[in-house]
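>>> here's my sequence, what's the structure:
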Amino acid sequence: MRSILKFSDFIFESQSTEESECTYYDQKKGDGEYENYWAKYNKMSDQAKEIEKKKILDYISEKTKEVKEEYRKWYSDSGTIAKFSKQEDPVRRSLLSTYLPSIKSKIHLKPNPKAPKGQNSAWGYFLSKYDTEININLYNFWNGKQTGNKSVHDTLKHEMAHAIDSYFTKNGVRTYDATHPPATSHEEYMEIYLINDKDQFARLNILRQIIGAGPSDSAKTLLNKFMSAVDAGKITSKSFKFTKGFDSNKQIYILAMNPIASQGVKGKVSLDDAKKAYSHMMGKEAIVVGGKENYNIEQLFSNFAKVKNDGIYVNMNDIANLNLTSKGF
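Model (predicted):
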């Protein structure tokens, strides 16, 4: 039996389909101090490294338990249960009783020379071949300060969403409605990463948690909850002012990121449109949660946004539909 949170090097075995590898990837890093931390770590004595590893293990263990509990509550919620048919519900119950408790977090303190560049660049990844194991490339963002690493939680939650999605799929439960053709190779997966349905599902889980979204919240409710988080200072931005909007003709609720929107957005956007919207957020700390830029929400919103005069207008109706049709948290 594998021990939880083992520090042994992970040997990557190349897989041929998207189902085999899912990552939490972004060219931006989680904290500017992480490079200094690892430079100091590499100069430590073996004894000092072991002490530091223990601190890291304790922190990851704590966060893993926290994320598991969040998923346990979500899949025990009556609104979530209602999304499962009578035939599917045994799978949900098995997820709670057997699969979720079996998930382990494996951390990596250095890149694996045998792994693809994209995998080593990721913050975390999940391989379906090891279906109870989520991997965290801590060297890409950890700065050694427990209070300054909220992105660790998001990485764990993102990768655990991939694990849960894989579990449901293997057991005949559709986790979400597909809106794009699946990738057939690692290269294609990285190319469409921004609009990949699997990662949109994982990003949605982060948004739900931060704003307290329910399983069947409407567009209006999601927008109001997001703005309540803004008003409370839980969500901030260094580049945009968040404003509520509504297109009365199209009955679309809009999150406007300054200037105020007068036109709605309808339908799933293209990869080029998503890249354009996301590029307007990159490097601008567009959506900040707990003092850290939240790439999950920025990437999620880019799939439902249009850019006009450098303002970003997010279609909350389409996000509400994704929320309603997805069985995850």
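
>>> contacts, neighbours, all on C-alpha from now
Noted.

>>> any idea of the mean pLDDT in the helix or strand hosting residue 90?
Counting by DSSP states H and E, the element that carries residue 90 is helix 89-94. Helix 89-94 shows a mean pLDDT of 97.

>>> would you map the helices across the stretch 201-329 of the chain?
Per DSSP state H, counting those that start in this stretch, the stretch 201-329 of the chain carries helices over the ranges 219-231, 271-279, 295-302, 316-325.

>>> I'd like to know which elements the third one is packed against.
Going back to what we said before, that points to helix 295-302. helix 197-211, helix 271-279 (3 or more Cα pairs under 8 Å, 6 or more residues apart in numbering; DSSP states H and E).

>>> now the helix ranked longest in the chain, how far from the centre of its chain.
Assignment by DSSP state H gives helix 46-74 as the longest helix of the chain. Chain-centre distance of helix 46-74: 18 Å, with Cα atoms, centre = their mean, to the nearest Å.

>>> got it, and stretch 219-233?
With Cα atoms, centre = their mean as the basis, stretch 219-233 stands 19 Å off its chain's centre.

>>> buried set for it?
By neighbour count with 16 or more other Cα atoms under 10 Å, stretch 219-233 contains the buried residues 219-227, 229-230.

>>> same check, this time on stretch 284-292
285-292.

>>> sorry, back to before: in the longest helix of the chain, what's buried?
56-57, 60-61, 63-64, 67-68, 71-72, 74.

>>> run a quick neighbour tally on the residue lying closest to residue 199 once chain neighbours are set aside.
Of all residues not flanking residue 199 in the chain, residue 193 sits nearest, at 7.2 Å (Cα to Cα, 6 or more residues apart in numbering). Applying other Cα atoms under 10 Å, we find 21 residues neighbouring residue 193.

>>> what do you get for residue 130?
11.

>>> thinking again about what came up before, residues in contact with the helix or strand following the longest helix of the chain?
Using DSSP H and E, the helix or strand that follows helix 46-74 towards the C-terminus is helix 78-81. With contact meaning Cα atoms under 8 Å, 6 or more residues apart in numbering, helix 78-81 is reached by 74-75, 89, 214-216, 327.

>>> that's all I had, so thanks and see you.
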